[in-house]
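[1] predicted coordinates and the sequence they were generated for:
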Amino acid sequence: MTEILLKIDGLTKAYPGVVANDHVGFSVAPGEVHALLGENGAGKSTLVKMIYGLVKPDSGTMEFLGRPYTPAEPRAARAAGVAMVFQHFSLFEALNVAENVALGMENPPPMRDLAKRIREISQAYGLPLDPARLVGDLSAGERQRVEIVRCLLQDPKLLIMDEPTSVLTPQEVEILFRTLRKLSSEGTAILYISHKLEEIRTICDGATILRGGKVVGSCIPREKSARELAEMMVGGEFAATERVSRPFGAPMLEVKGLSLAPLSQFGPSLKDISLSIAAGEILGIGGVAGNGQEELLATLSGERPSAPGTVWMKGADISALGPNPRRALGLMSAPEERLGHAAVPNMSLTDNTLLTGTIRMPLVKNGFLNMAEAKAFAEDIIREFDVRTPGPWVAARALSGGNLQKFVIGREVLQKPEVLIVNQPTWGVDAAAAAAIRRALLRLAEKGAALIVISQDLDELMEIADRFCALNEGRISAPRPTEGLTIDEIGLMLGGAHGMEVPA
Amino acid sequence: MIRLVKRPMPSKFWSWTTPLVAVIATMIAGGLLFAILGKNPVEAIRVIFWDPLFGPNADYFRSQLLVKAAPLILIACGLAVGFRAGIWNIGAEGQYIIGAIFGASLALAVYPAESWFLFPAMVVLGAIGGLLWGLIPALLKVVFGTSEILVSLMLVYVAQNLLAYMAFGPLKNPEGYGFPGSRNLQGYPSAFNDELMAGTGVHWGVLAALGAVVAIYVLMQRHIAGFRIRVAGEAPRAARYAGVVPARLIVFCLCLSGALAGMAGLFEVSGPSGQITDSFNVGYGYTAIIVAFLGRLHPVGILLAGLLMALTYIGGDMAQLMLGLPSAAIQVFQGMLLFFLLGFDLLTNYRIRIGGARA
């Protein structure tokens, strides 16, 4: 394959204060599955946004099919034959599949023809999809199929996929990979963005590795081990998390028959959830986001009250208590969304300690703020959790995702919780910071705290959790010890492949 | 094409100096306007900005400045707390009216009994009246999810009609020869909110306004409740995470701003105005919204903005009287001040980029 489909040379894009892409160059051949590998913040997203016409490069050139390629907007990119499946879907829940597909087309055919074509394409590529179903009723995996089918209808020569597997169960990943292989065999090139190394080794023909906005290497992933890839990506030795076996104590937190109505029409509800967690234990809750994870955290943290008798801590019914009384009892939480939920973007780190730290730390006296104590606490967090920031006066929004996450986790951990509930603790966090966060969670458990870790990252849960259960469509599976659990078993606990039954 | 690009780090210097620059720009543009109207611009600006403070009869005007600024500051302080939390009480004018009716009714009911505690009781009743009027949109929002903006605004019209009814009906002066309006409280020593020092304009309402500035500053900057209010405005989900109960916050903010507006109404009806008439309210409740934003929702800023706003009103009146400027020109002038302030504010936070981005 000497032919070149997409050739990129010297592409540079700077944002105020950061060079997102610095003279990036690589090329993709027709039919090649090419991986863009890098940590969060390495510049992968900026790069593909330039290819898809969402962002204009400051300098550098792109060639597509041997011709200069400067897409002014995504429409131009689509016309040239470039399609993209985003990590976050842009679908209307109240419309059906065919209507959603039509909305993304320049000249949609009559609805009946469109529905027929959707059926044909989805069958041909092994992505069963019923054009008449409401998107709001679909699982995340099925929604992704809608996005993929929408792209395939344009008959693209290059398909960009941004972290496509983050919302899929292992079985669904298999199906996706079959589809990608079929596309590749028909000559469609795929630009595959991910930081999941095993996936890249499975599916990709070539890889370009980005670090700090620069290309730091390229390789054929199959010829490298996951560890080698990780070291290329991080640029150094990779410290794995050490795990020691711990004795479990008495039950700390118990949930009994918790049900909760959904907040919005298509929002997930919680259905008859029961679980129990002992001192020193880490319970991992896996599952694709949007299956009730946020709701579960909000109920356990006290942000959303639940029916009496549903949430118990150390034998006392705490269902009616708000977040602060629960903190007083030793139950802390760290929500998934860092900016706007776990931290206030426009407030300084010092101010942000006051969000949760006023109960267990001496940050407030008679209702009045003790800013000196708050600053000292912020400095403690920054030091102990290696938060990279000029100082505690910096606004939360100025921190990178990983650093802010370290701050948020540090703020809760340093308050010595007896029960800690975290949702997606390492989402969007680079590998080194993620490892540090996991180590901190394990240390906390070693000291006798009970932890619930809700995460989409199954590897993470296998690494730190003692027991694993899946949260799927608001229901929780029976927890099982993580030791000896296979990836197939986990996949089945997560609900297997959603909606694979071929529609009539 | 002209685009606005957000500045990564707005300059501290400019965010503090923009109000001053805005005043200067208003003087220049206003001067041009007055020149086009055939008046001497320098003289007009002098009459508006200089004479009330330092010109002949400045003593009188300075006292008037305090009299006019006090209710604006008192109301704006309360509103700013809610605005910081994202709770939009637009109906301070109505709460101001109800506060005045509540407090004045007590005095008129016990007239002519004299007692030292009559006036304090009137202040408390005034606050309660405003508080209850603010509680209506709060409860409707909490229970039914109605918009506090619409409900509080519409309640202004209800309050105005209630005021007219009171002025012509139950509270009408029995010795008033059939004229609408209540007895004049200025002639009722126990109820009269008189100047504390003759000729200064300082009445209890001025002290209350200053007290409110200090109290709101302490609440918002030094107290955990104020911190939570600020969090609620910046990031509602983070506020819930920090233990804020939205319903309680709504009730607190609307009641606080209502109570302060009601107090302002009481101080006005028992002092400078003296009696309940159907036109007793003059829009302080609306102007206070402008004052609150002009002062950047910060108590000290509100203090300065209230004084500035009062100055343009007094100076504007003088310019009408002495130079024969049309009142519309004065209103345009006041509008310019807001326009320039908001405009310069925008430029502090954004830069203008002309032409599309380079390819």
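    Thanks, I have it.
[2] now the stretch 251-400 of chain A against chain B: closest residue?
    A:Asn324 (3.8 Å; CB to the nearest CB). (Glycine included, C-beta is placed from N, CA and C.)
[3] where's that residue relative to A:Thr358, distance?
    Between A:Asn324 and A:Thr358 the computed distance is 8 Å (CB to CB, to the nearest Å).
[4] who has more neighbours, the two?
    More neighbours surround A:Thr358 than the other of A:Asn324 and A:Thr358, with 22 against 15 (other CB atoms under 10 Å in any protein chain shown).
[5] pull the number of nearby residues for the residue nearest to the more buried one when sequence neighbours are not counted.
    Nearest residue to A:Thr358, sequence neighbours excluded (CB to CB, 6 or more residues apart in numbering or on different chains): A:Val364, at 4.5 Å. Look at A:Val364: counted by other CB under 10 Å, it has 18 neighbours.
[6] can you check the pLDDT for the closest residue to A:Glu106 other than its chain neighbours?
    Nearest residue to A:Glu106 in three dimensions, chain neighbours excluded: A:Arg75, at 7.4 Å (CB to CB, 6+ apart). Model confidence at A:Arg75, given as pLDDT, is 88.
[7] phi, psi for the residue of the stretch 101-250 of chain A found nearest chain B please.
    Residue nearest to chain B within the stretch 101-250 of chain A (CB to the nearest CB): A:Gly213, separated by 17.7 Å. Per-residue torsions, A:Gly213: phi 90, psi 0 (degrees, to the nearest 10).
[8] now do B:Gly126
    Dihedral angles (degrees, to the nearest 10) for B:Gly126: phi -60, psi -40.
[9] contacts only, for the spatially closest residue to it that is not a sequence neighbour.
    Leaving aside its sequence neighbours, B:Gly126 sits nearest to B:Leu266 (CB to CB, 6+ apart; 2.8 Å). Counting by CB atoms under 8 Å, 6 or more residues apart in numbering or on different chains, B:Leu266 touches B:Gly99, B:Ala100, B:Phe102, B:Gly103, B:Ala104, B:Met122, B:Val123, B:Leu125, B:Gly126, B:Ala127, B:Gly129, B:Asn193.
[10] identify the farthest-apart pair in the residues you listed.
    Greatest spatial distance in the contacts of B:Leu266: B:Gly129 and B:Asn193, 15.8 Å, computed using CB to CB.
[11] am I right that B:Ala208 falls within a strand?
    No: counting by DSSP: H, G, I helix; E, B strand; the rest coil, B:Ala208 falls outside a strand, being helix.
[12] which residues touch residue 294?
    Chain wasn't specified; assuming chain A. When contacts are counted by CB under 8 Å, 6+ apart, A:Glu294 touches A:Pro335, A:Glu336, A:Asn423.
[13] my question was about chain B
    B:Pro19, B:Gly301, B:Ile302, B:Ala305, B:Leu308, B:Met309, B:Leu338, B:Leu341.
[14] separation between whichever residue of the stretch 51-200 of chain B sits closest to chain A and A:Asn370?
    At 12.2 Å from chain A, B:Arg84 is the closest residue in the stretch 51-200 of chain B, using CB to the nearest CB. Separation of B:Arg84 from A:Asn370 (CB to CB) stands at 21 Å.
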